[in-house]
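Peer 1: Can you look at this prediction? I've put the sequence above it.
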Amino acid sequence: MAVYTQVDDEELIAFLSTYDLGPLLACKGIAEGVENSNYYLHTGAGSFILTLYEKRVAEVDLPFFLSLMEHLAARGVTCPLPVKNKAGVALGRLAGRPAAIITFLDGYSVQHPEAAHCAALGSALAEFHLAGADFALRRANALSVDGWRPLFAPCASRAEEVASGLGALVEAELGHLEARWPRDLPSGVIHADLFPDNVFFLGDRISGLIDFYFACTDAYAYDLAICLNAWCFDAEHRYEPEKGAALLDAYRRRRPLAAEEIAAFPTLARGAALRFLLTRYVDWLNVPPGALVRPKDPREYLAKLRLHQSAVDARFYGLAS
Ligand SMILES: Nc1ncnc2c1ncn2[C@@H]1O[C@H](COP(=O)(O)OP(=O)(O)O)[C@@H](O)[C@H]1O
Ligand SMILES: N[C@@H](CCOP(=O)(O)O)C(=O)O
């Protein structure tokens, strides 16, 4: 359960009184998510999500995330909208944290995506990239290749606690990726965390995307690689080529991949695996005392990284220019 910051009733009622949302009717901590504290909020005006932004979200980046949701929604991507208070401001402070209320989206996330879900995701991801192409704000990806070594270094000595040989493997992989990371691929705003829990379905159609708090300006194909890792493996972390093909084909129908994106794809998939291996590893070792959170298993991403290390080139993923 991701609630790092507890909100006191009186504080919440005072916070809500700065909005035109009517009285507080219910507020419950949300069981999913690992990054921020999220509450389901029911008020006289309906259902909302209250988010208190935690450690990995820099306050200075919040205008980027909130404006991005407005930008995408205006271009037909179904996503939450930040709710403005009576002063016309979407960002406030609650319980000592930056906080915002966003609209509630109907839908549910699929726990075991099938190829049809992967295809729907591929189309939605390409539409997201196209809709964000004229987004004026930029945000560097703090969790790209230059951020991985500083993330790992402070807790590198504990790697054996998580998996035998992990420290050596991460060191070698960092060296490999730092030497080869592609820097000039087609780029724009990417979601960077479009895992199944951040995509809502109603029936077999995507009803909305959530959780834009890792969004940044980076390579589109890197976002696709993140999705391949998150959607196209089975519960034992084995790659499922038919799901990979469904995702990649659907994406390419909406936004064709350039030859250099295809050539870089194995490297991007390795980097995408290492990025989530590292954040999960750090979080696994550092659960804040009193936090209600279930950290995600870094070993899942170790298995995915090993798979990508075995890929000779993009044909492994069925990609050819
Ligand atoms: N706009 C929304 N509408 C409905 N449910 C939401 C919305 N935003 C978040 N949630 C719920 O809260 C959970 C955690 O949100 P998420 O943004 O993924 O957390 P985090 O900020 O920790 O990444 C989601 O899995 C979902 O169940
Ligand atoms: N998707 C990340 C964790 C952060 O995402 P959240 O939406 O669960 O908060 C992972 O799986 O490591």
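Peer 2: Good, I have the coordinates. Ligands and ions are numbered 1, 2, ... in the order given.

Peer 1: and stretch 66-84, C-alpha only, in PDB?
Peer 2: Presented in PDB, the C-alpha positions along stretch 66-84 are these (Å, rounded to 0.1, in the frame of the first residue of the first chain):
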ATOM      1  CA  LEU A  66       0.300  18.700 -14.500                       C
ATOM      2  CA  SER A  67       0.600  20.700 -17.700                       C
ATOM      3  CA  LEU A  68       1.300  17.400 -19.600                       C
ATOM      4  CA  MET A  69      -2.000  15.900 -18.400                       C
ATOM      5  CA  GLU A  70      -3.900  19.000 -19.600                       C
ATOM      6  CA  HIS A  71      -2.000  19.000 -23.000                       C
ATOM      7  CA  LEU A  72      -2.700  15.300 -23.600                       C
ATOM      8  CA  ALA A  73      -6.400  15.500 -22.500                       C
ATOM      9  CA  ALA A  74      -6.900  18.400 -24.900                       C
ATOM     10  CA  ARG A  75      -5.600  16.100 -27.700                       C
ATOM     11  CA  GLY A  76      -7.800  13.200 -27.000                       C
ATOM     12  CA  VAL A  77      -5.700  11.100 -24.700                       C
ATOM     13  CA  THR A  78      -7.900  10.000 -21.800                       C
ATOM     14  CA  CYS A  79      -6.000  10.800 -18.700                       C
ATOM     15  CA  PRO A  80      -6.700  12.500 -15.300                       C
ATOM     16  CA  LEU A  81      -7.000  16.300 -15.200                       C
ATOM     17  CA  PRO A  82      -5.600  18.300 -12.400                       C
ATOM     18  CA  VAL A  83      -8.400  20.100 -10.400                       C
ATOM     19  CA  LYS A  84      -7.800  23.800  -9.700                       C
END
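
Peer 1: That one and ligand 1 in contact?
Peer 2: Yes. Contact of stretch 66-84 with ligand 1 (Cβ under 6 Å from any ligand atom) involves residue 80. All C-beta spots, glycine's among them, are computed from the backbone N, C-alpha and C.

Peer 1: What residues of whatever helix or strand residue 303 lives in count as buried?
Peer 2: Using DSSP states H and E, residue 303 falls within helix 298-309. Across helix 298-309, burial judged by 16 or more other Cβ atoms under 10 Å covers 298-305, 307-308.

Peer 1: From the chain's centroid, how far away is stretch 83-97?
Peer 2: Taking Cα atoms, centre = their mean, to the nearest Å, one finds the center of stretch 83-97 at 23 Å from the center of the full chain.

Peer 1: Any residues of the stretch 201-321 of the chain in contact with ligand 2? List them.
Peer 2: Going by Cβ under 6 Å from any ligand atom, the residues of the stretch 201-321 of the chain near ligand 2 are 211, 276, 279-280, 296.

Peer 1: So which of the residues you listed is the closest to residue 22?
Peer 2: residue 211 (26.0 Å; Cβ to Cβ).

Peer 1: mind putting the buried residues of helix 298-309 in TSV, pLDDT included?
Peer 2: Converted to TSV, the buried residues of helix 298-309 look like this (pLDDT from 0 to 100):
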residue	pLDDT
298	97
299	97
300	98
301	98
302	98
303	98
304	98
305	98
307	97
308	98
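
Peer 1: can you put these in CSV and add distance to ligand 1?
Peer 2: Output for the buried residues of helix 298-309, formatted as CSV (distance: Cβ to the nearest ligand atom, whole Å):
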residue, distance to ligand 1
298, 17
299, 21
300, 17
301, 17
302, 22
303, 23
304, 20
305, 22
307, 25
308, 24
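
Peer 1: The helix holding residue 303 packs against which elements?
Peer 2: The helices and strands touching helix 298-309, judged by 3 or more Cβ pairs under 8 Å, 6 or more residues apart in numbering; DSSP states H and E, are helix 166-180, helix 259-285.

Peer 1: Contacts made by that helix with the rest, please.
Peer 2: Residues from elsewhere that reach helix 298-309 (Cβ atoms under 8 Å, 6 or more residues apart in numbering): 162-163, 166, 169, 173, 229, 233, 237-239, 266, 269-270, 273-274, 276-278, 280-281, 284.

Peer 1: Try it again at 6 Å.
Peer 2: Outside helix 298-309, the residues that touch it by Cβ atoms under 6 Å, 6 or more residues apart in numbering are 162-163, 229, 237, 239, 269-270, 273-274, 276-277, 280-281, 284.
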